[in-house]
Structures are given as structure tokens and as C-alpha cells.
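Undergrad: Sequence first, then the predicted structure, then my questions.
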Amino acid sequence: MSRKALKSKTAFIALGSNLSDPAAQVNSGFAALAVLPASRVIARSSLYRSAPVGYADQPDFINAVAAIETTLAPRALLEALFAIERRHDRVREFPNAPRTLDLDVLLYGDLQLHERGLTIPHPRMHERAFVLLPLAEIAPRCAIPGRGAVAELLRTIDVAGVTQLAAEET
């Protein structure tokens, strides 16, 4: 029985950490993405520092975005990201809890998908400067299906709490 090969898609993955040397965790996350099966990293943003969202009594986050080319289906990609999180000792105690490494599928081509446990585009990405700034850095012409151009969305949100790290901080 033969399977039809999936066409390669560009997916954008958000990386975030605020525990156990967050910059090192995010850089380790980039390295783990580089060895995903049927995928290759085509761009990676700088690292950005941001205040926590939701649960505020925790350390600042280090965030970034990677662009990958992949033939993994969206659900298979998500499962691969969860496996990377587990290898980084990610514990899901409560929503917005501190974490060693958080990986989210932001975009998968121009797909719009909502199924149990997976929504693409990521449902709150258009509201979050810590996602839009690194995304705009590596994909300045990127558009979020159903929301619009990243550059335009950035004009509508407060970006003051997000700072790009200098090279020596990464």
C-alpha cells in the first residue's frame, strides 16, 4: 500500500523558555528542530526577552521563532514538538506556567485548522508582540490567514515590553 507523499510546507514554530537558562533552552530547541525528520530549518530569529503573560509571578521569557520546511503533517509536527518539549523536561502544571521549553506551531503554509488540541494559525499569535516581532524579523512579508499582514498587526499592539537580545546575551 503506497502513501501519497505530502508536499513540503513552510511552518513557523514559536520557541519560549523562562526556566533553567532560558537562552540556552531556546538555542537547544533550535538545535532539536534542525534534526526533525522530514524537515529542515530555513530561518531562525534573534532571541527576545518578554514579560510573562497570564500568570505574572514568574521570570521573564526568552522567545524566538523558527521557519521550517517540512513534509510532516500538522498533527505529526505537533507531536514531534511535544517530544522535544519532553526531552527538555517540560512540565504542564497549569496554563501559562513557567516552563523549560515551549514549542508552538504558529503557521503551516496558509492552512486554517481547528481540531482538538491543534489550532492553526495559533489562536493568539496576532495579539502577542513576543511572537510577531521575531516572526517579522525572519518573514517580513508574512501574513496570518484570517488576520492579515504581520507588519500591519504589529502596528496594533504594544511592543514596548519585548526587547531583542544582544548577541552576547544569546
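TA: Alright, I've got the coordinates. What you see is a predicted model, and the numbers here were worked out from it, not measured in a lab.
Undergrad: Which residues does the longest helix seen in the chain contact?
TA: Ranked by residue count and defined by DSSP state H, the top helix of the chain is helix 74-87. Under the contact criterion C-beta atoms under 8 Å, 6 or more residues apart in numbering, helix 74-87 has outside partners 11, 13, 29, 32-33, 36-37, 39, 70, 72, 100-105, 108, 111, 113, 115, 117-118, 120. From N, CA and C alone the C-beta is placed, and that goes for glycine too.
Undergrad: Quick one: distance of it to the chain centre.
TA: 12 Å (C-alpha atoms, centre = their mean, to the nearest Å).
Undergrad: Could you point out the helix or strand that follows that helix?
TA: strand 102-108 (DSSP states H and E).
Undergrad: name the helices or strands packed onto that following strand?
TA: For strand 102-108, the elements it packs on are strand 9-17, helix 74-87, strand 118-120, judged by 3 or more C-beta pairs under 8 Å, 6 or more residues apart in numbering; DSSP states H and E.
Undergrad: Can you say which of those is packed in most?
TA: Of the helices and strands packed on strand 102-108, the one with the most neighbours on average (mean count of other C-beta atoms under 10 Å) is strand 9-17, at a mean of 24.
Undergrad: Paired strands for that strand, with orientation please.
TA: Here strand 9-17 has these sheet partners by DSSP bridges: strand 61-70 (antiparallel), strand 102-108 (antiparallel).
Undergrad: For this protein, give me the ranges with low pLDDT.
TA: For the chain, the stretches with pLDDT under 70 are 1-5.
Undergrad: Save the strands paired with strand 9-17 as JSON lines, and put in distance to residue 131 too.
TA: Formatted as JSON lines, the strands paired with strand 9-17 follow (distance: least, C-beta to C-beta, whole Å):
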{"stretch": "strand 61-70", "distance to residue 131": "7"}
{"stretch": "strand 102-108", "distance to residue 131": "7"}
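Undergrad: With mean neighbour count added, can I get the ones you listed in TSV?
TA: Below are the strands paired with strand 9-17 laid out as TSV (neighbours: other C-beta atoms under 10 Å):
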stretch	mean neighbour count
strand 61-70	24
strand 102-108	23
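Undergrad: Looking at the ones you listed, which is nearest to residue 161?
TA: Nearest to residue 161, of all the strands paired with strand 9-17, is strand 61-70, at 10.5 Å by C-beta to C-beta.
Undergrad: returning to what we had before: quick check: which of the helices and strands packed on strand 102-108 is nearest to residue 134?
TA: strand 9-17 (8.0 Å).
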